[in-house]
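Novice: Quick one: sequence and predicted model below, then my questions.
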Amino acid sequence: MCRLVFIIGLLLHIGSTLAFLQGCIRGKSQLVAIWQQQATALQNDVSKASNSNIQLQRYTHKSFNLTYLYKEAAPGREKDRPIVLIHPVGIGLSSWFWKRLMDSYEDNPPIYAPDLIGCGIDHGADAWDPDTIGLFFPLSWVEGVETLINEIVIPEYRESQMLQLPSMFGFNRQPNQGNGCLVIAQGGLAPVGIMLAKRNPSTISNLMLTSPPTYEDVTTAVPTAELQRNYDFLRSPIFGNIAFKLLESRGLIKFFSNQFLFREECDEGWLDETERESVVAARTPVQAFNAGLLQHRSFEEDLKESLQPKLIVSGEGDKRAVDRQPYKEELDTCSLVTIPGLNVLPWESSNALVDLIKELGY
């Protein structure tokens, strides 16, 4: 989702903003009430997710209780390499972003979609209070995903390899090529995927970036003073609070989704999911992301030093596609591809993305 810093500049010039706010602000539950409802929310989500074979699971990373969506492998694919999905960060977004892709992949290997720290409040994950616990971006999100990969994803994959039955000649069938998972990172969370690949060459075999920032943006650091100014504004109890209350309304979510994310109009399922996650406790990671904290440094070295094959996927309606050409020019093992859609390809064009995943051998 486009940066709040720029959006607010437009919104605050609307003369009727405050009056409009009164009409569109939905009542938000207080943080204490959120914790009281977590167990019920988790139970309800597990019930809803199970209808499509997607399960809601929990894991612990440091002091955080985190959640992730899991789709077990289709029959016959239990021993195949897993997929890890990194969701975008924005108003109302969490791992639910990947549900349509997970549903679309019927003959799938194991698929995991973690909620990044501070996200997935509707799933029952812990909120992040920056006044209590400090985080480093994107490192802290990377570390949270690494815990899932190292303690759950890879151990389950290796266990599946050990359970292979001997062949008629007394030898086990050889596992699929490579011994690592495919990581797919959406949009502005490309730095998380890039760092994961660089730091984990033995457990991550492929990296796919869908609608990532341009190569110039991902390799150019944003000045510290600008980041601090952005973050202070978004954390402001007056202007930042007004901005979030306005932008969390279903009407504006629909407006900005149609303007910047979807090639066609967004659907009601998209709006329902964003509305459920649009709670006060979920704002802090959005504030950090939209302030630009993930771009505090260049990731060019990470990209060039990681040896995994990389696939950059753009939507046909995305004007930034041409500016992603340097990924291929600068990196030794990188390919570019275009599929129908604009900026939320896993939701808009899930079947086309599944085809790309299969071409990578997953």
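Specialist: Looks like it came in fine.

Novice: okay, now Met195: neighbour count?
Specialist: When neighbours are counted by other C-beta atoms under 10 Å, Met195 registers 22. In short, each C-beta sits where N, CA and C put it, glycine included.

Novice: Repeat that for Asp332.
Specialist: 9.

Novice: swap in Ser335?
Specialist: 14.

Novice: What ranges in this structure fall below the confidence cut-off?
Specialist: Scanning the chain for pLDDT under 70 picks out 1-52, 164-178.

Novice: Tell me which stretches of it form strands.
Specialist: Assigned by DSSP state E, the strands in the chain fall at 54-61, 64-71, 83-86, 111-114, 181-186, 204-210, 310-315, 334-339.

Novice: for those, which one sits closest to Asn290?
Specialist: Taking C-beta to C-beta, strand 181-186 is the member of these nearest to Asn290, at 15.3 Å.

Novice: partner strands of the closest one, parallel or antiparallel?
Specialist: Here strand 181-186 has these sheet partners by DSSP bridges: strand 83-86 (parallel), strand 204-210 (parallel).

Novice: Take the strands of the chain and lay them out in TSV including distance to Leu135.
Specialist: Output for the strands of the chain, formatted as TSV (distance: least, C-beta to C-beta, whole Å):
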stretch	distance to Leu135
strand 54-61	11
strand 64-71	10
strand 83-86	16
strand 111-114	15
strand 181-186	18
strand 204-210	22
strand 310-315	26
strand 334-339	29
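
Novice: Out of those, flag the one nearest Arg283.
Specialist: strand 64-71 (16.8 Å).

Novice: tally of neighbours for Ala197?
Specialist: 26.

Novice: Kindly report the same for the one 5 residues further on.
Specialist: The burial metric for Ser202, expressed as a neighbour count using other C-beta under 10 Å, is 8.

Novice: correct me, but it touches Gly180?
Specialist: Yes. Ser202 is within contact range of Gly180, at 6.7 Å (criterion: C-beta atoms under 8 Å).

Novice: For these two, list the residues in contact with both.
Specialist: Common contacts of Ser202 and Gly180 (C-beta atoms under 8 Å, 6 or more residues apart in numbering): none found.

Novice: now for the strands of the chain, which one comes closest to Asp131?
Specialist: Closest among those, using C-beta to C-beta: strand 64-71, at 15.6 Å.

Novice: What helices and strands are in contact with that closest one?
Specialist: strand 54-61, helix 99-104, strand 111-114, helix 139-148 (3 or more C-beta pairs under 8 Å, 6 or more residues apart in numbering; DSSP states H and E).

Novice: Other residues contacting the last one?
Specialist: Counting by C-beta under 8 Å, 6+ apart, the neighbours of helix 139-148 from elsewhere in the structure are 59-62, 64, 66, 68, 84, 86, 112, 114, 116-117, 135, 189, 192, 195-196, 199-200.

Novice: Kindly recompute the last result at 7 Å.
Specialist: 59, 61, 66, 68, 84, 86, 112, 114, 116-117, 192, 195-196, 199-200 (C-beta atoms under 7 Å, 6 or more residues apart in numbering).

Novice: Is there a quick ChimeraX command that grabs whichever of these are buried?
Specialist: If you want just the buried ones from the contacts of helix 139-148 in ChimeraX, going by 16 or more other C-beta atoms under 10 Å, the selection is:
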select :59,61,66,68,84,86,112,114,116,117,192,195,196,200
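
Novice: Tell me the one of the contacts of helix 139-148 nearest Glu159?
Specialist: Relative to Glu159, and with distances defined as C-beta to C-beta, the nearest of these is Tyr112, at 14.8 Å.

Novice: ok so, going back, for the strands paired with strand 181-186, give me a markdown table that also has distance to Leu294.
Specialist: Shown next, in a markdown table, are these (distance: least, C-beta to C-beta, whole Å):
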| stretch | distance to Leu294 |
| --- | --- |
| strand 83-86 | 12 |
| strand 204-210 | 13 |
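
Novice: For Lys358, which of these is the nearest?
Specialist: Using C-beta to C-beta, the strands paired with strand 181-186 put strand 83-86 closest to Lys358, at 10.9 Å.

Novice: Output the closest one in PDB with nothing but the alpha carbons.
Specialist: Extracted C-alpha coordinates of strand 83-86, given in PDB (Å, rounded to 0.1, in the frame of the first residue of the first chain):
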ATOM      1  CA  ILE A  83       7.200 -22.900   0.700                       C
ATOM      2  CA  VAL A  84       7.300 -19.900   3.100                       C
ATOM      3  CA  LEU A  85       5.200 -16.800   2.300                       C
ATOM      4  CA  ILE A  86       6.100 -13.300   3.600                       C
END
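
Novice: Would you pull up how far it lies from the middle of the chain?
Specialist: 8 Å (C-alpha atoms, centre = their mean, to the nearest Å).

Novice: Repeat that for stretch 202-220.
Specialist: Distance of stretch 202-220 from the chain centroid (C-alpha atoms, centre = their mean) equals 13 Å.

Novice: repeat for stretch 93-112
Specialist: 12 Å.

Novice: Just the buried residues of it, please?
Specialist: Neighbour-count burial for stretch 93-112 [16+ other C-beta under 10 Å]: 93-105, 108-112.

Novice: thinking again about what came up before, as a markdown table, the helices and strands packed on strand 64-71 with distance to Leu294 would be great.
Specialist: Below are the helices and strands packed on strand 64-71 laid out as a markdown table (distance: least, C-beta to C-beta, whole Å):
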| stretch | distance to Leu294 |
| --- | --- |
| strand 54-61 | 18 |
| helix 99-104 | 22 |
| strand 111-114 | 17 |
| helix 139-148 | 8 |
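
Novice: Nearest to Gly124, out of these?
Specialist: That would be strand 54-61 among these, by C-beta to C-beta, at 7.5 Å.

Novice: just checking, what packs against the closest one?
Specialist: If contacts are counted by 3 or more C-beta pairs under 7 Å, 6 or more residues apart in numbering; DSSP states H and E, strand 54-61 sits against helix 31-50, strand 64-71, helix 139-148.
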